[in-house]
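Undergrad: Sequence plus the predicted model coming up.
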Amino acid sequence: ARSLRVTVTSGIVPDQRFERWNLMQQTISAEEVKTVQTEHFLCPNCGGNLRYDIKRQLYCCESCGSPDEIIPLHEGIREYPLDGYHSREAQNVAFEGASCVFCQNCGAQILFGQYDTATVCPMCGSTQVDVKKQESGIPPEGIVPFRLDQKEAQEKFHAWIKKRWFAPNSLKKTYQEGRLTGLYIPFWTYDAKADGWFTGRGGRTRTYRDKDGHTHTTTDWYPVRGSVGQFFNDLQVCASEKSNSKYLNDVLPYDTVNDIKPYSPQYISGFQAEKYAWRGDACFRLAERMIKDALESQARDSILAMGYDQAQVLEVQFSCSNVTYKHVLLPLWSAVFSHKGKLYQYLINGETGKVSGGRPYSAPKIVAAVLAAIAVLAGLYFLIESAGAYAAEYHPPAAQSQAQQVDLAESGSPAEEILSRVSLSPLWDETKADV
């Protein structure tokens, strides 16, 4: 079975003889008339909405549950030469048949389906969104589908916030309110062969004794150089408007080698997708930083392999060849929480469940924790001072001399007589013990 295509123009009732529904939507502004497209898929059996079911990992009907075939834009996942990037971008639209919403606050461009609302930006929580005509762009080549559904993502979020002791209770209510939004974020992946050379220093540590007999440790450094080279597969660079977000970086990486599928708009049905904000040729500069870091690490290992105890890399020069790229979409659950007028964002990797986010602090909890810590420290201080005072006042009785014991024995009391006999006797025997 294949999904129905239905064409709608200016609000005319759709005709279900077609295989796909392309809805032309017009938004009039003071500047121009913007024409955008959205797409929706209908079940061929009952006419219900078709969406990607994360639990079943199938594209199926929400009403009758009938699965439907996922038709990729093209067979397989292709890599494209980076030197042909400019001409390819000018000839394409990133998301054919999708409506684009532009966030006036953070600049994100979010794509959504005809029955999906986009009144709030999932990246920053702003309500300043506007429908915008799509600009030219490169379509996604691959997609990593969601592995965690919203319920599982909420459970991951709940487990995460339970460990934030100083988070306000209102934050923990977010888990119950289901504010998570499913979003596909844009990435560029790069393959490249890197070759180069390095210069550095290798150090050998030795110890010696000076004329005064003191032991010293020093390192003798020797200049070294060598070659480095690696093949890099699927270096991931985020092209989102929020690509510099610490929280986004904390939920990486994704498995774009084994878990990726050829892109189809059916995968994002029921979700939102962000159009890339940073071009693929510009993002390769970040990939080059990753390559340089990896080659420096390789150079450091090479120096140590020469028999040195320490390694310092002074310079690495390299060049890349056979550089290819592709545009991919990766799954992310996003939640925006407002606390005392300030917005905090929480992100959950839709593939692995890794969580990261901001942290509002609860002043009462912090004050209570500080007071509790002060009470514990005060208690420890009291115990230490009490133990010290007791030790200072305690004087153990001095050992009595034999003369004193003789005086005691002469006092005539039976107990003193027994003590005298026992203490003065050089030997202990049963006879004296029975006296």
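TA: Received it, and whenever you're ready, just let me know what you need. Numbering: from 1, shown residues only.
Undergrad: Leu329 pairs with what?
TA: Ile143, Pro186 (DSSP bridges).
Undergrad: How about the contacts made by it?
TA: By CB atoms under 8 Å, 6 or more residues apart in numbering, Leu329 lies in contact with Pro140, Gly142, Ile143, Val144, Tyr184, Ile185, Pro186, Phe187, Tyr263, Tyr267, Ile268, Ala273. (Each C-beta comes from the backbone N, C-alpha and C, glycine too.)
Undergrad: what's the answer for Thr215, then?
TA: Thr207, Tyr208, Arg209.
Undergrad: mind listing which of those are in helices?
TA: Assigned to helices by DSSP state H, none of the contacts of Thr215 qualify.
Undergrad: want to throw those residues into JSON lines with pLDDT, distance to Leu235 and neighbour count?
TA: Output for those, formatted as JSON lines (pLDDT from 0 to 100; distance: CB to CB, whole Å; neighbours: other CB atoms under 10 Å):
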{"residue": "Thr207", "pLDDT": "94", "distance to Leu235": "43", "neighbour count": "8"}
{"residue": "Tyr208", "pLDDT": "92", "distance to Leu235": "47", "neighbour count": "9"}
{"residue": "Arg209", "pLDDT": "92", "distance to Leu235": "51", "neighbour count": "9"}
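Undergrad: Pro253: which of these is nearest?
TA: Thr207 (43.4 Å; CB to CB).
Undergrad: and the gap between the closest one and Thr218?
TA: Counting by CB to CB, to the nearest Å, the gap from Thr207 to Thr218 is 8 Å.
Undergrad: thinking again about what came up before, just give me the closest of the contacts of Leu329 to Gly307.
TA: So of the contacts of Leu329, ranked by how close each gets to Gly307 (CB to CB), first place is Phe187, at 41.3 Å.
Undergrad: Mind telling me what element Leu377 is part of?
TA: Counting by DSSP states H and E, the element that carries Leu377 is helix 363-393.
Undergrad: Spit out the contact partners of Thr324.
TA: By CB under 8 Å, 6+ apart, the residues touching Thr324 are Glu79, Tyr80, Pro81, Leu82, Tyr190, Asp191, Ala192.
Undergrad: Quick check: the farthest pair among those?
TA: Using CB to CB, the contacts of Thr324 reach their maximum pairwise distance at Tyr80 and Ala192, which is 13.0 Å.
Undergrad: The two: which is more packed in?
TA: Higher neighbour count among Tyr80 and Ala192: Ala192, with 22 against 16, using other CB atoms under 10 Å.
Undergrad: wait, isn't the more buried one in contact with Lys292?
TA: No. In this structure, Ala192 is not within contact of Lys292 by CB atoms under 8 Å, at 11.8 Å.
Undergrad: pLDDT averaged over stretch 256-273 - what is it?
TA: Averaging pLDDT along stretch 256-273 gives 88.
Undergrad: So which bits of that stretch are buried?
TA: Within stretch 256-273, the residues that qualify as buried by neighbour count (16 or more other CB atoms under 10 Å) are 256, 260, 262-273.
Undergrad: Poorly predicted segments of the protein, please.
TA: The chain contains residues with pLDDT under 70 at 1-40, 93-102, 104, 111-136, 164-178, 243-244, 339, 359-369, 388-435.
Undergrad: How are the helices of it distributed by residue range?
TA: Going by DSSP H, the chain shows helices at 85-90, 150-162, 169-172, 174-177, 246-250, 280-305, 363-393, 402-409, 414-424, 430-433.
Undergrad: Just name the closest of the contacts of Thr324 to Arg56, please.
TA: Among the contacts of Thr324, Glu79 lies closest to Arg56 (CB to CB), at 30.3 Å.
Undergrad: and the closest residue to the closest one other than its chain neighbours, what are its bridge partners?
TA: Leaving aside its sequence neighbours, Glu79 sits nearest to Thr324 (CB to CB, 6 or more residues apart in numbering; 3.7 Å). For Thr324, the beta-bridge partners are Pro81, Asp191 (DSSP bridges).
Undergrad: got the buried residues of stretch 256-273 as a markdown table, with distance to Ser319 columns?
TA: Shown next, in a markdown table, are the buried residues of stretch 256-273 (distance: CB to CB, whole Å):
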| residue | distance to Ser319 |
| --- | --- |
| Thr256 | 25 |
| Ile260 | 28 |
| Pro262 | 32 |
| Tyr263 | 31 |
| Ser264 | 37 |
| Pro265 | 38 |
| Gln266 | 41 |
| Tyr267 | 37 |
| Ile268 | 37 |
| Ser269 | 43 |
| Gly270 | 44 |
| Phe271 | 40 |
| Gln272 | 39 |
| Ala273 | 35 |
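Undergrad: Strands - which of the residues you listed land there?
TA: Pro262, Gln272, Ala273 (DSSP state E).
Undergrad: Identify the residues contacting the first one.
TA: Residues counted as contacts of Pro262 (CB under 8 Å, 6+ apart) are Pro72, Leu73, His74, Glu75, Gly76, Ile77, Glu141, Gly142, Ile143.
Undergrad: Between which two of these is the distance greatest?
TA: Greatest spacing in these, by CB to CB: Glu75 and Ile143 (14.8 Å).
Undergrad: Compare those two (neighbour count), which wins?
TA: Ile143 (27 against 7).
Undergrad: And the more buried one, how close does it get to Gln317?
TA: 37 Å.
Undergrad: Equivalent analysis for Arg88, please.
TA: Using CB to CB, Arg88 is found at 30 Å from Gln317.
Undergrad: Looking only at neighbour counts, state which of those two leads.
TA: More neighbours surround Arg88 than the other of Arg88 and Gln317, with 16 against 11 (other CB under 10 Å).
Undergrad: Pretty sure the more buried one sits against Ile138.
TA: Yes. Arg88 is in contact with Ile138 according to CB under 8 Å; the separation is 6.0 Å.
Undergrad: Mind listing the residues bridging to Tyr346?
TA: Beta-bridge partners, per DSSP bridges, of Tyr346: Ala335, Gly357.
Undergrad: ok, it - contacts?
TA: Phe157, Trp160, Thr174, Tyr247, Ser334, Ala335, Val336, Phe337, Val355, Ser356, Gly357, Gly358.
Undergrad: so what's the second one closest to, chain neighbours aside?
TA: Spelled out, that is Trp160. Spatial nearest neighbour of Trp160, chain neighbours left out: Val355 (4.1 Å); criterion: CB to CB, 6+ apart.
Undergrad: Just the buried positions in stretch 303-311, please.
TA: Within stretch 303-311, the residues that count as buried by 16+ other CB under 10 Å are Ile303, Tyr308, Ala311.
Undergrad: How about stretch 231-246?
TA: By neighbour count on 16+ other CB under 10 Å, the buried set for stretch 231-246 is Phe232, Asp234, Leu235, Gln236, Val237, Cys238, Ala239, Ser240, Glu241, Lys242, Ser243, Ser245.
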